[in-house]
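Novice: Sequence first, then the predicted structure, then my questions.
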Amino acid sequence: MRRVAGLLCGLLLLSTTVFDTDSAAGHAHQHDHGHLHDHMTEDLAGTPMRTIEARTTENAARIQKATGVRPGTARTKAAADADPGQAGSWSPVVDTPVVPVFTAVLPNGKMLIWDSVGDLPSEDYPDHSFTRAMLWNPADDTYRRVDLQGSNIFCAGFAHLANGNILVAGGNANAQLDGTVHTYVFDWRNETWTRGKDMAAARWYPSVAETANGESVIVGGGPATAEVYQTNGAIRPLTGFTKYSARLYPFLSSRPDTQLGLFGPHATAYTITTSGNGVITATGNRDSILRDYGSFATYDIGKSVVVGGGNITENGVAKVPTRTAVVLNSDASLFPSLAPTGSLSTGRRQLNATLLADGSVLATGGMTSTANNALIDLQNAATTAERWDPATGSWTVLASAGRIRQYHSTAALLPDGRVMTGGGGVCLACLDAGYLEKNIEYFTPPYLYKKDGSGGLADRPAISAAPATVGIGANFTVSSPQAAGIRKVALV
């Protein structure tokens, strides 16, 4: 399952190498454990707790004893890792009480993170009436549990609403992996969940995208008819768009002309007007590749890069995931113009593509294997980060992560310019392999370091004044004591 990372609305100032927002110093962990283990008892339904809690751990220990390597540990490091000013750097691994499967950045810089009802595959649990969730503070690695009661929003889709709240649609209804009709909204100010209106049909693996008018469009996950979550909380069917029913997260992006673009993972792409009942205004092929378990990032106004993925068997013959990437530009016409761009150093599947604060794109995690459409392949993991430069169209290999991030992993840009990655596991194949990454790592991109080879962090400019809101198409002023040395301002 691939989940597109949400990004915080905020200003990031680009000087020669650096950004504005300060990163708070780390402090001692002060965790609010809440009901960390309470739900585990509910999960068991007669199965001994030790058996349930120990299965992944025991498998991991068995594999480590046989191979000498902990499942999920990266085996190689890139030669460029020595100078973080060129390759960036990775933090130590930080354990978390929830597997970071879904991650949403909130306006206050905290992360809303959730997974499922437990560490094991959903098929192993009879009770799906709750979801483990937490608020994580990347400034000091502390957290507070904010579990959702009433539904399991594992395999749901989500988007940011205009006020910064998080809309979640669909999820996992039962051990048979049926979808749900439920929607929920997480209020980031009050740190509480609220049940929303039900959708017309149950969804499992839908995507949700906010459009320019503040509405959110829910596509896929089973039902063919898309639905629109309106600004008043009501939900209407989008009967003019019934072309995507797959239980595989579609690639969605809001266009500058206020329409919605759908451009993956299948090759056929659509442009949809979402007002009223909706209408398809353009249809065409993105490329010839089924990019299942690929990823994408919208890196500029109306511009997105789609990278990696691909069905890795064809007529029973194993293939490697694709290295290729393609750029879609929706500024000029109803169907976006298409252009190939540079390729990754190796094919990747199960990767995450994350927009960086300078407008480039970071690829992390995934697998390079020819395994038969496997959800994980720890022997053929992609652990180096790669950065795509839209100005040159080329990818650069950066430093390597300490842990393997494949199925059920995530990545998100933080307001201080770093990228947080985490998760991996929570599936049958993961259980057998002892693969459970209940932890996070932080990647500090090269732009946060000095370029003199010292490995020291660069000085950071500061914002002294900025407007609380900005109108669409309006000019606005941002003030900084370092204004003379700042050559670019980016609104993310």
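Specialist: Perfect, thanks for sending it. Quick caveat, the model's predicted, so the values are computed rather than measured. Residues are numbered from 1 along each chain as shown.
Novice: got the contact list for H266?
Specialist: A246, L290 (C-beta atoms under 8 Å, 6 or more residues apart in numbering). (Glycine included, C-beta is placed from N, CA and C.)
Novice: So it lies in a helix, does it not?
Specialist: No: with DSSP: H, G, I helix; E, B strand; the rest coil as the criterion, H266 is coil rather than part of a helix.
Novice: Tell me the confidence at it?
Specialist: Residue-level confidence at H266 comes out at 94, pLDDT.
Novice: And for N311?
Specialist: At N311, pLDDT is 73.
Novice: Over to V4?
Specialist: For V4, the predicted pLDDT is 36.
Novice: can you check A382 too?
Specialist: 94.
Novice: ok, now which ones touch the nearest residue to it once chain neighbours are set aside?
Specialist: Among residues not flanking A382 along the chain, G366 sits closest, at 4.4 Å (C-beta to C-beta, 6 or more residues apart in numbering). With contact set as C-beta under 8 Å, 6+ apart, G366 has these partners: G308, P321, R348, R349, Q350, L351, N352, A381, A382, R405, Q406.
Novice: wait, doesn't the first one sit right on I289?
Specialist: No: G308 is beyond contact range of I289, at 9.7 Å (criterion: C-beta atoms under 8 Å).
Novice: Give me the common contacts of those two.
Specialist: T322, T324.
Novice: Name the residue in those two with the higher neighbour count.
Specialist: G308 (30 against 21; other C-beta atoms under 10 Å).
Novice: Check which helix or strand the nearest residue to F263 once chain neighbours are set aside maps to.
Specialist: Distance criterion C-beta to C-beta, 6+ apart; nearest residue to F263, sequence neighbours excluded, is A269 at 4.1 Å. Following DSSP states H and E, one finds A269 within strand 268-273.
Novice: which neighbours does the helix or strand following that strand have in its sheet, and in what orientation?
Specialist: Proceeding N to C from strand 268-273, the next assigned helix or strand is strand 279-285, under DSSP H and E. Here strand 279-285 is paired, per DSSP bridges, with strand 268-273 (antiparallel).
Novice: ok, the residue nearest to F263 - how many residues close by?
Specialist: 21.
Novice: Strands of the stretch 251-400 of the chain, start to end?
Specialist: 252-254, 260-262, 268-273, 279-285, 295-300, 303-307, 313-314, 317-318, 325-329, 337-341, 352-355, 361-364, 384-389, 394-400 (DSSP state E, counting those that start in this stretch).
Novice: what distance separates the helix or strand harbouring V217 from the centre of its chain?
Specialist: Under the criterion of DSSP H and E, V217 resides in strand 216-220. Offset of strand 216-220 from its chain centre (C-alpha atoms, centre = their mean, to the nearest Å): 17 Å.
Novice: Look up how far G393 lies from T142.
Specialist: For T142, the distance to G393 (C-beta to C-beta, to the nearest Å) stands at 41 Å.
Novice: scratch that, G455 is what I was asking about
Specialist: G455 is 29 Å from G393, by C-beta to C-beta.
Novice: Can you pick out the residue with more neighbours from the two?
Specialist: Higher neighbour count among G455 and G393: G393, with 15 against 12, using other C-beta under 10 Å.
Novice: contacting residues for the more buried one?
Specialist: V327, T341, G342 are the contacts of G393 under C-beta under 8 Å, 6+ apart.
Novice: Can you read off the pLDDT for it?
Specialist: pLDDT, G393: 97.
Novice: Over to R55?
Specialist: 71.
Novice: count of residues packed around it?
Specialist: Neighbours around R55, by other C-beta under 10 Å: 17.
Novice: same thing with A139?
Specialist: 17.
Novice: Could you measure from it over to M420?
Specialist: Distance, A139 to M420, using C-beta to C-beta: 12 Å.
Novice: And for G196?
Specialist: Where M420 is concerned, G196 sits at a distance of 27 Å (C-beta to C-beta).
Novice: Likewise for D432?
Specialist: 28 Å.
Novice: For those two, indicate the residue with more neighbours.
Specialist: M420 (24 against 13).
Novice: Can you tell me who that one pairs with across the strands?
Specialist: A412, Y442.
Novice: do L362 as well
Specialist: T354, R387.
Novice: what about the one helix or strand T103 maps to, distance to the chain center?
Specialist: For T103, the host element (DSSP H and E) is strand 102-105. From the chain centre to the centre of strand 102-105 is a distance of 7 Å (C-alpha atoms, centre = their mean).
Novice: What of stretch 189-203?
Specialist: 20 Å.
Novice: quick one, what contacts the residue nearest to F263?
Specialist: Per C-beta under 8 Å, 6+ apart, neighbours of A269: G261, L262, F263, T283, G284, N285, R286, L328, F335, P336.
Novice: Check the spacing between it and T281 real quick.
Specialist: 12 Å.
Novice: for W136, same thing?
Specialist: 40 Å.
Novice: One more: L355?
Specialist: 26 Å.
Novice: These two: which has the busier surroundings?
Specialist: Shown here are L355 and T281; by other C-beta under 10 Å, L355 has more neighbours (23 against 15).
Novice: that older thread, now what about the strand holding V217, what contacts it?
Specialist: 157, 159, 161, 167, 169-170, 199, 203, 205-211, 226-229, 235, 238, 241, 244-250, 252, 260, 262, 272, 274.
Novice: Run a quick neighbour tally on A82.
Specialist: Residues near A82, counting by other C-beta under 10 Å: 13.
Novice: check contacts around it.
Specialist: Counting by C-beta under 8 Å, 6+ apart, A82 has no contacts.
Novice: could you measure it against L362, distance?
Specialist: Distance from A82 to L362, by C-beta to C-beta: 19 Å.
Novice: Over to L431?
Specialist: 29 Å.
Novice: Which one's more surrounded, the two?
Specialist: Using other C-beta under 10 Å as the criterion, L431 and L362 rank with L362 on top: 22 against 19.
Novice: I figured that one hits T421, correct?
Specialist: No: between L362 and T421 there is no contact under C-beta under 8 Å: 9.4 Å.
Novice: tell me, what's touching these two both at once?
Specialist: Common neighbours of L362 and T421 (C-beta under 8 Å, 6+ apart) are A411, F443.
Novice: on that earlier part again, pull up the pairing partners for the strand holding T103, direction included.
Specialist: strand 111-114 (antiparallel).
Novice: Name the residues of stretch 274-283 that are buried.
Specialist: By 16 or more other C-beta atoms under 10 Å, the buried positions in stretch 274-283 come out as T274, G278, I280.
Novice: now do stretch 478-492
Specialist: For stretch 478-492, by 16+ other C-beta under 10 Å, it's V478, S480, Q482, I486, V489, A490, V492.
Novice: re earlier: what about the contacts of A269, which one has the most neighbours?
Specialist: Those, ranked by neighbours (other C-beta under 10 Å): first place F263, 28 neighbours.
Novice: could you say which helix or strand contains A429?
Specialist: A429 belongs to helix 428-433, assigned by DSSP H and E.
Novice: ok now stretch 136-148, how far from the chain's centre?
Specialist: That offset, for stretch 136-148, works out to 17 Å (C-alpha atoms, centre = their mean).
Novice: Show me which residues of it are buried.
Specialist: Judged by neighbour count (16+ other C-beta under 10 Å), stretch 136-148 contains these buried residues: W136, N137, P138, A139, D141, T142, Y143, R144, R145, V146, D147, L148.
Novice: and T410, how many neighbours?
Specialist: Going by other C-beta under 10 Å, the residues that sit close to T410 add up to 28.
Novice: Setting aside sequence neighbours, what's the nearest residue to it?
Specialist: T103 (4.5 Å).
Novice: quick one: pLDDT of that neighbour?
Specialist: pLDDT, read off for T103, is 97.
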